[in-house]
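In: when you get a sec, could you give me coordinates for this:
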Amino acid sequence: MRQGKTVWDYGRHTQEPLRHEPFFDAIERTDIDNLLLYVDRRTDFMAAFEHVLGRYQRGKASKPVTIACLMAYATNIGLGRMAEISNLTYQQLSTTAANFIRLETLREANERIANATARLPIFRYFDIGEAVHSSSDGQKFEAAIPTINARHSAKYFGLKKGVVAYTLLASHVPLNARIIGANEHESHYVFDVLFNNATDIVPDTHSTDTHGTNQVNFALLRLFGYHFAPRYRDFRRKIESGLYGFNHPNQYRGYPLKPIRKIKEGLIISEWPNIERILLSLALKTTTQSVIVSKLSAYRRKNRTKQALWEFDNIIKSLYMLDYVDSPALRRNVQIALNRGESYHQLRRAIAYAHGGRFRVRSQHEQEIWNECAQLIANAVVYYNSLILSEVLRELETQRMLATAEDLKRVSPLAWQHINFYGRYQFDSDTPPINIAEIGRRIASNRLTTLPKAQVY
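Out: From the prediction side, this is the model:
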C-alpha cells in the first residue's frame, strides 16, 4: 500500500553473463587450428566448401589453407597479414578464398556443426524450462572503411561509422546472423533470423531485449508457432500503458492491473483475409519481415490492415505481460536466454581480436562473409566444449552420479580460456641474424628515406 493505493511490483532475477568458466581450467590449452581439424573429423564441415565451379571442377579445398582463410577473416587479420605471419603465400590464400569461401558454403558449414552439436548427449541439458529457448541481439562493430550500410552511432562509434551483427542463439549455439545498419531497428529482423534458420535446432520460445519489440512481432511469431518472450527495459511503465482487454476498462475496477482500452475484435475479423496474405508472403519467403514492416509503417495511420495487425498483436502482448508479472520462472528463463546471448558476444569479440574488432572491408557482402567465419569459429568452440561435457556426462551416468550430472547444466560451452586464438611463437629454431646494414642499403635503394622537410620528429 502507498498512500492508501494498491501498487504492484515483481521480483527481479539478475545474473551476470559468462566471463570465466572454471570447469575448463583443468583442460589442456588447444590451438584453434588443431581444434578446427578435430571438429572437422567429427562433423565433416569442411566438405561444405565446394569449388565455385561445382561439378565442373575436380579440385578440393586444402584443409590447412581453408582454415587459414577462415581464421584470417574471423579474427579480422586479413589474408595479407595472414600470409606474412604463416607459412602460406598470399596467392594460396586468395585463390582458396575466392574459390571455396562463399556465403552459401559458410552457412552450410555452420549448419553442419550446429546439427552435430544438437546430436550430442549434453544438448538436452541446455534447455531452459524444458524447452529450446532462443534469443537474438545485435552486436556493434566499427567499420574501418565506410560502406553503404555503415551508419553513425555516437553511443558506440563516436564520430566513426559501424554496423550491427544481429545473431540468433539457441541453447548456446549461434544459428543464424545478419549484418544490418546501425540505424536500422533490430525488431524488424527478429522474424527473419528465426524463420530462415535452416538447422535442426528449432526454438520454442524466443526472447529479445526492448530493441527487439515492435507492434507486430508478438503477432507474427505467434502465428508461425513461436512464443515471443521479450524483456522490457521499463516493464512497469510498459504494462501500465500497453495492457488491453476484451471488456471496457470500467469493468476492471479494484484490480491492480487494468487495461487502457477494449480490443477492437470486429476490425481483426474484417481484415483477417488481408492479414493472411501478408502471412502467406512471409511463409513463401517472397518477402521479408523488414520489408513488410517498412511498407506498413509507410501507410497512413488509419490503414485498416495495419491497425488490425496491431490490434491482434495487442492481444498476444497483453497475455504475455500478465504471464510475465505472474511467473518468476518465466522472468528467470528470459534473463538466462539473454545472458547466453551476451556470453556469445564476448566469445565473438574474443575471436575478432585484431584491429580492434573493426570490419576492414569495402562492402556489406564481405562483412557478411567475415561475420559468418567468426560464427563458424564460435560454433566449433561450442561443439568442442559440448563434446567434452558429453564425455563427462557419459562417465557420470555410468557411475550413476546423476545428481552431479545435473550440475553440468550450469556449465556454459561458450568458454574459451582453454583455446588459443593467437598462434604460437617458436623460440628453439635457428633463425638468421638481423642484418641492419642490409636493411639500410635496401631502404636507400628504394628511395624511401626522404622525409617531409617541414616536420621534425
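
In: would you map the helices across the stretch 201-350 of the chain?
Out: For the stretch 201-350 of the chain, the helices defined by DSSP state H, counting those that start in this stretch cover 217-223, 235-242, 265-283, 289-298, 304-326, 328-351.

In: any idea which of the ones you listed scores lowest on pLDDT?
Out: Sorting the helices of the stretch 201-350 of the chain by mean pLDDT places helix 289-298 lowest, at a mean of 78.

In: could you list the buried residues of it?
Out: For helix 289-298, burial by neighbour count (16 or more other C-beta atoms under 10 Å) applies to 289, 290, 292, 293, 296. Any C-beta I mention is one placed from the backbone N, CA and C, and that applies to glycine too.

In: picking up where we left off before, out of the helices of the stretch 201-350 of the chain, nearest to residue 407?
Out: Judged by C-beta to C-beta, the one of those that comes nearest to residue 407 is helix 328-351, at 15.9 Å.

In: buried set for the closest one?
Out: Under 16+ other C-beta under 10 Å, the buried positions of helix 328-351 are 330-348, 350-351.

In: next one: it to chain centre, how far?
Out: From the chain centre to the centre of helix 328-351 is a distance of 11 Å (C-alpha atoms, centre = their mean, to the nearest Å).

In: helices or strands next to that helix in the packing?
Out: On a contact count with 3 or more C-beta pairs under 8 Å, 6 or more residues apart in numbering; DSSP states H and E, helix 328-351 meets strand 133-142, strand 161-170, strand 205-207, helix 304-326, helix 364-398.

In: closest to residue 27 out of these?
Out: Comparing the helices and strands packed on helix 328-351 by their distance to residue 27 (C-beta to C-beta), the top pick is helix 364-398, with 6.9 Å.

In: and that closest one, how far out from the chain middle?
Out: Distance, stretch centre to chain centre, for helix 364-398: 13 Å (C-alpha atoms, centre = their mean).

In: report all helices and strands that that helix contacts.
Out: Partner elements for helix 364-398 (3+ C-beta pairs under 8 Å, 6+ apart): helix 32-43, helix 63-74, helix 103-118, strand 161-170, strand 173-181, helix 328-351, helix 402-407.

In: tabulate those (JSON lines), appending distance to residue 143.
Out: Output for the helices and strands packed on helix 364-398, formatted as JSON lines (distance: least, C-beta to C-beta, whole Å):
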{"stretch": "helix 32-43", "distance to residue 143": "25"}
{"stretch": "helix 63-74", "distance to residue 143": "15"}
{"stretch": "helix 103-118", "distance to residue 143": "19"}
{"stretch": "strand 161-170", "distance to residue 143": "5"}
{"stretch": "strand 173-181", "distance to residue 143": "10"}
{"stretch": "helix 328-351", "distance to residue 143": "16"}
{"stretch": "helix 402-407", "distance to residue 143": "43"}
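
In: before we move on, back to that, going by distance to residue 140, which of the buried residues of helix 289-298 wins?
Out: Proximity of the buried residues of helix 289-298 to residue 140 (C-beta to C-beta) peaks at residue 290, which lies at 18.5 Å.

In: could you pull up the residues touching that closest one?
Out: Shown in contact with residue 290 (C-beta atoms under 8 Å, 6 or more residues apart in numbering): 184, 188, 189, 192.

In: please report how far the closest residue to the second one other than its chain neighbours lies from residue 180.
Out: Of all residues not flanking residue 188 in the chain, residue 290 sits nearest, at 4.2 Å (C-beta to C-beta, 6 or more residues apart in numbering). For residue 290, the distance to residue 180 equals 8 Å [C-beta to C-beta, to the nearest Å].

In: pull up the overlap in contacts between these two.
Out: Common contacts of residue 290 and residue 180 (C-beta under 8 Å, 6+ apart): residue 189.

In: excluding chain neighbours, what is closest to the residue nearest to the spatial centre of the chain?
Out: The chain has residue 167 as the residue nearest its centroid, 2.2 Å off, counting by C-alpha atoms, centre = their mean. Excluding its sequence neighbours, the residue lying closest to residue 167 (C-beta to C-beta, 6+ apart) is residue 177, at 4.3 Å.

In: count of neighbours near the closest residue to residue 112 other than its chain neighbours?
Out: Nearest in space to residue 112, with sequence neighbours left out and distances taken as C-beta to C-beta, 6+ apart, is residue 45 at 4.3 Å. For residue 45, the count of nearby residues is 26 (other C-beta atoms under 10 Å).

In: quick one, what contacts residue 45?
Out: The contact partners of residue 45, by C-beta under 8 Å, 6+ apart, come to 39, 109, 110, 112, 113, 116, 376, 380.

In: what about 6 Å?
Out: 109, 112, 113 (C-beta atoms under 6 Å, 6 or more residues apart in numbering).

In: cool, residue 437 as well?
Out: So residue 437 contacts nothing (C-beta under 6 Å, 6+ apart).

In: name the SS class of it, please.
Out: Three-state call for residue 437 (DSSP: H, G, I helix; E, B strand; the rest coil): helix.

In: measure it to residue 284 for me?
Out: 71 Å.

In: the bottom helix or strand of this protein by mean pLDDT?
Out: Scoring the helices and strands of the chain by mean pLDDT, DSSP states H and E places helix 402-407 at the bottom, with a mean of 72.

In: residues near residue 401, how many?
Out: 12.

In: any idea of the pLDDT on it?
Out: Confidence score, pLDDT, at residue 401: 75.

In: what's the answer for residue 183, then?
Out: At residue 183, pLDDT is 89.

In: okay, now it: neighbour count?
Out: Neighbour count for residue 183, taken as other C-beta under 10 Å: 13.

In: kindly state the beta-bridge partners for the closest residue to it other than its chain neighbours.
Out: Residue nearest to residue 183 in three dimensions, not counting chain neighbours: residue 151, with 4.2 Å by C-beta to C-beta, 6+ apart. Here residue 151 sits in beta bridges with residue 162, going by DSSP bridges.

In: go ahead and confirm residue 151 touches residue 184.
Out: No. Between residue 151 and residue 184 there is no contact, the gap being 8.1 Å when judged by C-beta atoms under 6 Å.

In: for residue 134, name its beta-bridge partners.
Out: Assessed by DSSP bridges, residue 134 has beta-bridge partners residue 170, residue 206.

In: wait, it sits on residue 170?
Out: Yes. Taking C-beta under 6 Å as the definition, residue 134 is a contact partner of residue 170 at 3.6 Å.

In: shared neighbours of the two, anything?
Out: residue 203.

In: apart from its neighbours in sequence, what residue is nearest residue 312?
Out: residue 219 (4.8 Å).

In: which residues sit in contact with that neighbour?
Out: 309, 312, 313, 316.

In: change it to 10 Å
Out: Residue 219 is in contact with 228, 268, 275, 278-279, 308-317, counting by C-beta atoms under 10 Å, 6 or more residues apart in numbering.
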